Each structure stands twice: as structure tokens, then as C-alpha cells.
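> Below are the sequence and a predicted model; questions follow.
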Amino acid sequence: MEYKEEILSIKGMHCSKCISVIEEILMEIDGVEKVSVSLARKQASIRYDSSRVNTDYINKELKSIGYEMGYDFSIIDKIKGLFRKH
């Protein structure tokens, strides 16, 4: 088992019901151990066994209920900044 912990940006959340729906669907995925969703940040903190599940599958499950993983553009901008310095 190789556990990973990630913070995933979630697109489509609007209310507190979204939190429980997302947490429920993600906890049903084989290999997911822990999920905590923040409506204010529109993020999910997730711990999963990467030998059993990956983020593509997690995103597929989110899409099946009307949500999807977004991208954290602040991180992407930081990475681009690293390349510009060289």
C-alpha cells in the first residue's frame, strides 16, 4: 500500500449539502481512507491508496455526481515562475 494525501480543488460546490454528497461518494471509492471537504476553500483533502485508485478515477466519480476537480492556478503560476528564472 502506498498512501498519498492530496488537496484537490473541486469545481461546482455551492452549499453545505455539496460537502456531504462529495464526502459520501469519495468514501465509497475502494482505496480511499479519509476525506474532508471545505466549502469555503472549494477543496477536498483526501488520503488514498495510490496502488488501488488514482486521481483520474476520483475525478470520474466526481463528474458522475456533477462536480469535478479543478486546477490550482496559483501552484501552476509558481511552477511557471521557476522556469522563467532559468
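That came in fine, so what should we check first?
> Which stretches in this structure count as strands?
Here the chain has its strands, by DSSP state E, at 3-11, 32-38, 43-49, 68-69.
> Point out the most buried one among those strands.
Among those, ranked by average contacts under mean count of other C-beta atoms under 10 Å, first place goes to strand 43-49 (a mean of 19). Just so you know, the C-beta spots here come from the backbone N, C-alpha and C atoms, and that holds for glycine as well.
> right, and residue 52 touches residue 33 too?
No: counting by C-beta atoms under 8 Å, residue 52 does not reach residue 33; the two are 10.1 Å apart.
> OK, contacts around the closest residue to residue 22 other than its chain neighbours?
Leaving aside its chain neighbours, residue 22 sits nearest to residue 37 (5.0 Å; criterion: C-beta to C-beta, 6 or more residues apart in numbering). By C-beta atoms under 8 Å, 6 or more residues apart in numbering, the contact set of residue 37 is 10, 13, 18-19, 22-23, 43-45.
> which two in the residues you listed are spaced the farthest apart?
Checked with C-beta to C-beta, the contacts of residue 37 reach their widest spread between 18 and 45, with 15.2 Å between them.
> residues in contact with the closest residue to residue 31 other than its chain neighbours?
Leaving out its chain neighbours, the residue that sits closest to residue 31 by C-beta to C-beta, 6+ apart is residue 52, at 3.2 Å. When contacts are counted by C-beta under 8 Å, 6+ apart, residue 52 touches 1, 30-31.
> just residue 47 next, same as before
So residue 47 contacts 3-5, 32-35 (C-beta under 8 Å, 6+ apart).
> count of neighbours near residue 24?
11 (other C-beta atoms under 10 Å).
> tell me the pLDDT at it?
Looking at residue 24, its pLDDT stands at 96.
> Check the one 10 residues further on too.
On the pLDDT scale, residue 34 is placed at 97.
> Quick check: the residue nearest to it when sequence neighbours are not counted vs residue 6, distance?
Spatially, and ignoring its direct neighbours in sequence, residue 34 is nearest to residue 47 (4.1 Å; C-beta to C-beta, 6+ apart). For residue 47, the distance to residue 6 (C-beta to C-beta, to the nearest Å) stands at 8 Å.
> All good on my end, thank you.
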